[in-house]
Every structure is written in structure tokens, then in C-alpha cells.
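Visitor: Give me a model of this one.
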Amino acid sequence: MNEKYERLLDYLSQADGWVTAAELADKLGVTSRSVRSYVTAAKSASHPHETIQSGVLGYRVDRDALSAFRAEGRIVEPETPRDRIYQLVRLLGNAPEGLDARSLATRLFVSDSTLEQDLRKVKLLVEADDLSLVRRDNLVSIVGSEANHRRLLSRMFREESAQGFLELERVQREFESENLGSFKTELIDMLDAHGYFVNEYGLNNVLLHLMIALERQDRAQSEVPLVASGPRVAEIAAALSGLVVNHFAVSLSAPDLDYLAVLLTTRVVTPGHDESTKQVVENYVDADVLATVRDIVALVHQEYLIDLADEEFMVRLSLHVRNLVARAHENAYSVNPLTRSMKTSYPMTYELSVFIASQLQRRAAIHINDDEIAFIALHVGSYLERKERRGDRLRCAVVCPNYYDMHEMLAERITRALGDELDVAIVITRTDVDWSELDADLVLSTIASRAPRENEVVIQPFLTDGDIENVRRAISRVRRHARRMQIKDDLLLYFDEALFFRELHVSSEVEMIETLGQRMVEHGVIDRSYVDGAIERELMSSTAFTDSIAVPHAMAMTASRTSIAIVINDSAMAWGENRVNVIAFIAFAATGRTSFQEVFDQFVEVFSDREDVQRIIKRAVDFPSFIDELVHIMDK
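Guide: Predicted structure coming up:
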């Protein structure tokens with residue numbers, strides 16, 4: 001139930017207003033009665049914080065109260081059976097000689113029968129990490145390697161972090177360490193001084209391993225992965241040794257220090273800070289890895305017509321890929337708290353990263369999960385953003401009636417504050433402006449026109465912070481509208497009444513892809529191989545890019561024409577970790593490569609607004625009304 005509470009709180013925290021019990025029930029896959037039970041229990045668990053407000057319109061979250069509650073680090077449902085099982089694991093893990101079952105029951109304030117049930121669950125839990133629960137009469141113990149013990153403790157602690165990001169404060173509280181914050185600061189300084197880039201998203205996970213090592217220092221592990229051994233590991237291990245002694249007054253064993261250094265080199269740091277790309281290639285990059293990345297980048301351009309062939313980008317990605325392959329071979333993937341937001345906010349970037357990951361999987365014979373795909377997406381997105389910024393400034397006109405040199409100062413201030421996004425191409429210093437003749441994407445004016453247009457923003461002669469924020473919002477609005485208008489007509493061409501389905505319910509994602517794929521095969525849009533490719537893509541990473549829509553598709557553009565089969569259901573179906581009401585099976589043709597990015601991003605964006613999706617679900621009762629509603633949303 002803890003997971004249900006968190007999904008309920010997450011959904012409410014993303015909503016702008018009230019959410020009905022029926023909508024929550026649909027998203028959680030439960031009854032409205034269960035929703036009321038979850039809300040009641042969550043309110044009780046978070047007392048005195050009023051995290052959820054109830055009313056005639058439904059429920060909404062108090063974000064300040066929720067932040068305060070989560071800042072305390074309390075779990076949503078205290079003293080749950082799961083928490084008791086985790087406590088059992090820690091007690092048994094710290095007693096290699098074993099513990100008496102009757103004493104354990106007394107210590108945990110449970111009956112003997114409840115303890116026996118818990119021990120059966122502990123057995124399943126520890127076996128997932130190649131450990132064994134051994135019973136000799138009344139003596140219970142966990143048997144297995146020290147490395148597996150630590151892997152189990154790390155996994156349990158991460159699973160309790162509902163938000164995906166392991167918070168330093170929680171680690172400190174769990175292990176009663178007051179020095180971890182200062183240790184982290186000095187560790188970052190040390191890594192920076194040694195010329196490393198630091199991945200903050202993975203650093204707290206390494207600090208968790210450090211705390212486990214300190215707690216279990218009398219049982220030092222002897223198993224250290226060999227994939228990242230070398231001078232860098234030795235260098236970091238030596239520096240770590242001194243830091244640990246200074247902050248915790250403890251000397252860790254050499255294997256423990258080596259293991260922590262391996263974690264840092266494969267999950268947290270990348271060499272080459274303050275070095276040229278040429279130096280990074282000479283000193284750190286494996287030639288075969290770089291060659292693989294170059295091949296994959298060429299395939300990206302061939303399949304998607306997106307150019308990633310930038311030397312610095314490929315070198316940095318090669319360093320990341322080397323560490324990724326090392327992690328995959330050890331089955332020790334990094335946790336990425338941005339995975340969900342990357343899929344939702346940057347679907348095309350994520351899709352490119354899925355393609356890159358699929359190529360790496362085949363070539364290196366490894367498995368790459370969603371979190372690792374999202375890290376690749378950070379590399380790809382960062383590069384594409386920099387590239388787009390260089391040539392994506394809006395053409396801007398500034399209207400400021402002449403008074404000394406006020407117009408020059410205003411234009412200069414606009415350029416300083418917004419020069420990355422605006423090109424001040426026109427400056428008009430007259431009051432009699434012919435507004436219809438202004439050739440600009442955005443007009444910033446110190447005087448209001450009689451009939452204000454969508455692209456006009458009234459600003460003060462001396463630009464204020466409020467003006468800058470208003471202009472930024474206008475820039476986003478203009479860009480969004482331009483994107484929508486650019487592909488609206490094309491997008492509508494991709495729909496066919498014969499491929500529109502209302503209330504089509506199946507048991508699984510694969511069955512839905514099979515059903516829609518077969519209909520598209522019958523209409524000559526795709527062949528069977530495209531359906532197989534879409535299933536393969538789905539099994540690699542869920543195509544539920546938002547809480548409302550799934551967009552299954554193949555990575556190969558082999559359709560005879562670009563087409564979209566769409567399903568709209570009143571009740572949501574499970575799709576990966578989400579529940580979706582809309583399923584859009586997209587078949588892309590090779591001739592549609594140039595529009596692929598725009599269509600894909602735009603389609604997901606249209607269905608990312610909760611209110612828009614609800615409007616379509618309620619009003620799109622047939623194909624004509626679906627098209628009407630889609631046009632209405634895209635014209636907003």
C-alpha cells in the first residue's frame with residue numbers, strides 16, 4: 001500500500017486543481033472506495049501535516065505540507081509489515097552466528113506465527129541477492145557472501161526512497177552519521193581537484209555504500225569488480241582513505257576502499273575536466289568504444305536524420321558508455337530520478353536514447369534499463385539543446401518612442417537578459433506604429449496597441465524582472481504555437497477512421513500492439529516485421545510517455561506510409577508502471593523521417609495536459625469528434 005500512497009500523492013501533486021475520486025481510482029487501478037481508504041490513511045500517517053485536502057470537488061494536495069512531511073523523512077505508512085521485514089534482515093545480517101526465533105518475536109512485538117510468516121518473506125527477499133535463510137532448530141541466520149549482504153541492504157534502502165532520488169539526510173538519519181555532509185563536500189572538492197566531472201545523481205548512492213561499509217567494517221568484503229581496476233581506482237582509493245579517517249576516525253580495509261573507488265569511477269565521475277577533447281581522447285577514451293559510438297551516431301543520422309556527429313559529444317558519450325558497460329556487466333545499474341520526467345518532457349530525446357541503447361545492447365551483449373537510458377538521454381538532450389540554442393532565437397521587434405537614448409538602453413538590456421532566446425532585429429522609435437507590417441516573431445512594446453496580438457508583450461521603458469518573466473512566458477507560448485501550427489495539417493493526415501477505436505480493451509501491452517498492428521497490416525500500412533519491432537521496442541522500455549498516453553512504435557521506419565492507429569478508453573489500462581486511457585500505435589515511413597521528431601514530440605505534448613486528455617476522453621465519442629477536439633487543443 002505504501003506504493004499506492006506514493007502514486008496517489010505524486011498524481012495529486014502534479015495536478016493543478018481538484019481531482020475526483022473516480023479519476024484517481026482509474027489512474028491507480030483500484031475502486032473509489034480504496035482511494036478514500038488511501039487518502040484517510042495517508043492523512044493519518046502525515047499528521048500533523050495536512051498533506052491532502054478533501055472537498056465536494058474531490059481531492060487536492062497541499063504542496064507545502066507535502067514538502068514539509070517528506071522533509072522529515074518519515075515513510076508514509078509507519079511500522080508496516082515491510083518495515084518489519086527490513087528490520088529483520090538488518091538484525092540477522094548483523095548476527096552471522098544467528099538469532100533465536102523466539103527472542104526475535106519478542107523483540108519485534110509480534111506473535112510466533114507472525115514471525116514465521118515474516119521469515120518466509122525474508123527468505124524470498126534475500127534469495128533475490130543470492131543469499132540463503134538458514135534454520136537450525138530455533139536458530140535463524142542469513143548465509144552468503146559479504147558483497148551480496150551489502151547489495152541487499154543497498155537495494156532495500158533505495159526501494160524505500162519513493163521519489164527515486166536518494167536523499168543525503170535519509171542516509172545520515174538511518175546510519176546516525178553527523179559527518180556525512182561534510183565528508184561529501186570534501187569528496188567533491190577532491191574529485192574536482194583530480195580533474196573529474198561529478199554526477200551528483202549517483203553520488204548519494206555511493207555514500208550509502210560507504211555507510212554500509214562503515215557499519216560492517218568487521219566483515220570487510222574481499223570481492224571487488226575487476227572491470228574498472230587501474231591507476232584511477234588506486235588514485236581515488238588512496239584519497240578516500242584519508243577522507244574516511246578524517247571524518248569517521250575509522251580505517252577501512254583495502255578491498256572496501258577499492259570497491260568504493262570502483263563505484264565512483266563507474267557511477268559518479270568522468271575524467272577530463274578542464275582538458276581539451278584531444279587530451280581526453282589520448283588519456284581516457286578506449287578506441288573501440290569511441291569507434292562503436294561513431295557507428296551508432298551514423299546510424300542515428302541514417303534512421304532519424306538527426307546529426308549527433310560532434311566530436312566533443314561523441315567523446316563524452318564514449319566515456320559514459322565505457323562506465324555503463326562496466327555497470328551492466330556487474331548488474332549494478334545507476335538509479336536516475338529524472339527517468340520519468342525525461343520520458344514525459346523530452347519524448348523524442350528519450351526515443352533517440354532508446355535507439356542508442358538498443359545498439360549498445362546488441363554490440364556489448366548487455367541489458368540497459370530505463371534509468372541508464374535516461375542518463376544517455378541527458379547526454380543527447382544537453383547536446384541538442386546547445387545546438388538548438390545556437391540557431392533558434394526568435395526574431396524580435398522593440399517599440400520604444402524616442403526620448404534621448406532610452407530605446408538603445410532598452411534594446412541593450414533586452415539583449416543582455418534574453419539574448420540567448422531573442423534576436424533584436426527591429427527597433428522602432430515612433431508612436432505611430434504600423435503594427436500589421438512588423439516582421440517579427442515577438443513584439444516588445446512600451447506602448448500598447450489598440451488591438452493587442454498574441455505575440456505582443458507590453459513592457460516598461462526600464463526593463464523590470466517582471467517584464468523579463470513575462471517575455472520568457474511569451475517566448476514559450478510563441479514557440480509552442482509555432483510548433484503546433486507547423487505540423488497540425490500533417491498530423492491530421494496521419495489519422496484514418498478505420499484505425500480509430502473507442503473502448504478497445506485487452507489484457508496487456510503486447511496484446512494491444514498485436515491487435516492494432518494486425519489492423520494496420522490489413523490496411524497495408526505495415527508488415528508483420530513492424531509489429532514484431534514494436535513489441536521488441538516496448539519490452540525494452542515502456543512507451544507510456546505520460547500518465548495518460550502510450551505511443552507504441554518500432555524503431556525502424558518501414559511503414560508504407562506514416563499512420564496512427566488510436567484507441568481512446570474511458571477506463572485506463574496498465575501500461576508499464578503507468579495507467580493510460582489513450583494508446584496511439586504510430587507507424588513511420590522512411591519518407592516521413594524529416595517530420596518524425598516534430599510529429600513524435602508534438603503528439604506526446606498534445607496528450608501531456610491532464611485537462612486536455614480528459615476533454616478528449618469525454619467528447620471524442622467517434623472519429624469526427626476526435627478530430628474536432630484534437631484541432632481545438634492544437635489551436636489553443
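
Visitor: Can you pull up the most central residue in this protein?
Guide: The residue lying closest to the centre of the chain (Cα atoms, centre = their mean) is Thr339, at 1.7 Å.

Visitor: my guess is that residue contacts Ala374, does it?
Guide: Yes: shown here, Thr339 and Ala374 form a contact pair, counting by Cβ atoms under 8 Å, at 4.1 Å. Bear in mind the C-beta positions are built from the backbone N, C-alpha and C, glycine included.

Visitor: which helices and strands does the host helix or strand of Val293 pack with?
Guide: Assigned by DSSP states H and E, Val293 belongs to helix 287-304. Applying 3 or more Cβ pairs under 8 Å, 6 or more residues apart in numbering; DSSP states H and E, we find helix 287-304 packed against helix 311-329, helix 347-364, helix 593-606.

Visitor: Now do the buried residues in the longest one.
Guide: The reference is to helix 311-329. Using 16 or more other Cβ atoms under 10 Å as the test for burial, helix 311-329 gives 313-328.

Visitor: model confidence over the helix or strand just after that helix, on average?
Guide: Using DSSP H and E, the helix or strand that directly follows helix 311-329 along the chain is helix 339-345. Taken as a whole, helix 339-345 has an average pLDDT of 83.

Visitor: Restrict helix 339-345 to CA atoms and write it as PDB.
Guide: What follows is helix 339-345, C-alpha atoms only, in PDB (Å, rounded to 0.1, in the frame of the first residue of the first chain):
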ATOM      1  CA  THR A 339      13.800   9.000 -15.800                       C
ATOM      2  CA  ARG A 340      10.100   9.700 -15.600                       C
ATOM      3  CA  SER A 341      10.400  13.400 -16.400                       C
ATOM      4  CA  MET A 342      12.800  12.800 -19.300                       C
ATOM      5  CA  LYS A 343      10.200  10.400 -20.900                       C
ATOM      6  CA  THR A 344       7.400  12.800 -20.300                       C
ATOM      7  CA  SER A 345       9.000  16.100 -21.200                       C
END
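
Visitor: from the middle of its chain, how far away would that helix be?
Guide: Here helix 339-345 is found 4 Å from its chain centre; the criterion is Cα atoms, centre = their mean, to the nearest Å.

Visitor: Other residues contacting it?
Guide: By Cβ atoms under 8 Å, 6 or more residues apart in numbering, the surrounding residues in contact with helix 339-345 are 164, 349-350, 370-371, 373-374, 377-378, 381, 544-547, 604, 608.

Visitor: Just the residues you listed: which are in helices?
Guide: Assignment to helices by DSSP state H places the following of the contacts of helix 339-345 there: 349-350, 370-371, 373-374, 377-378, 381, 604.

Visitor: Pull the most distant pair out of the residues you listed.
Guide: Spanning the widest gap among the ones in helices among the contacts of helix 339-345 are Asp371 and Val604, at 20.1 Å by Cβ to Cβ.

Visitor: Who has more neighbours out of these two?
Guide: Ranked by neighbour count (other Cβ atoms under 10 Å), Asp371 and Val604 place Val604 first, with 24 against 17.

Visitor: which ones are touching that one?
Guide: Applying Cβ under 8 Å, 6+ apart to Val604 gives the contacts 344, 347, 545-546, 549, 551.

Visitor: quick one, which of the helices and strands packed on helix 287-304 is nearest to Gly419?
Guide: So among the helices and strands packed on helix 287-304, helix 311-329 is nearest, using Cβ to Cβ, at 23.1 Å.

Visitor: So which elements touch that closest one?
Guide: For helix 311-329, the packing partners by 3+ Cβ pairs under 8 Å, 6+ apart come out as strand 269-271, helix 277-283, helix 287-304, helix 347-364, helix 370-391.

Visitor: Need these in a markdown table (columns: distance to Leu243).
Guide: Below are the helices and strands packed on helix 311-329 laid out as a markdown table (distance: least, Cβ to Cβ, whole Å):
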| stretch | distance to Leu243 |
| --- | --- |
| strand 269-271 | 15 |
| helix 277-283 | 25 |
| helix 287-304 | 30 |
| helix 347-364 | 33 |
| helix 370-391 | 26 |
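
Visitor: Can you give the contact residues for stretch 294-302?
Guide: The contact list for stretch 294-302 (Cβ under 8 Å, 6+ apart) reads 306-309, 314, 352, 355-356, 359-360.

Visitor: Please identify the buried residues of that stretch?
Guide: Residues of stretch 294-302 classed as buried by neighbour count (16+ other Cβ under 10 Å): 296-297, 300.

Visitor: which residues touch the closest residue in space to Gly144 that isn't next to it in sequence?
Guide: Residue nearest to Gly144 in three dimensions, not counting chain neighbours: Leu131, with 3.5 Å by Cβ to Cβ, 6 or more residues apart in numbering. For Leu131, the contacting residues are 142-144, 148-149, 152, by Cβ under 8 Å, 6+ apart.

Visitor: per the record, what domains does the protein have?
Guide: Following the assignment in automatic domain parsing, the chain carries domains at 2-71, 81-144, 168-271, 287-385, 394-475, 494-634.

Visitor: What is the end-to-end distance of the fifth one?
Guide: Just to be clear, that refers to domain 394-475. One end of domain 394-475 sits 8 Å from the other (Cα to Cα, to the nearest Å).

Visitor: So Val606 sits against Asp612, correct?
Guide: Yes: taking Cβ under 8 Å as the definition, Val606 is a contact partner of Asp612 at 6.9 Å.

Visitor: Can you work out which residues contact both of those two?
Guide: Joint contacts of Val606 and Asp612 (Cβ under 8 Å, 6+ apart) are Ile633.

Visitor: Now do the contacts for Ala587.
Guide: Shown in contact with Ala587 (Cβ under 8 Å, 6+ apart): 520, 525-526, 530, 553-554, 559, 561-565.

Visitor: Go through these and name the one nearest Ala25.
Guide: The shortest gap between Ala25 and any of the contacts of Ala587 belongs to Ala565, at 27.5 Å (Cβ to Cβ).

Visitor: Bridging across strands, which residues link to that closest one?
Guide: Beta bridges link Ala565 to Phe585 when assigned by DSSP bridges.

Visitor: Understood, closing this out.
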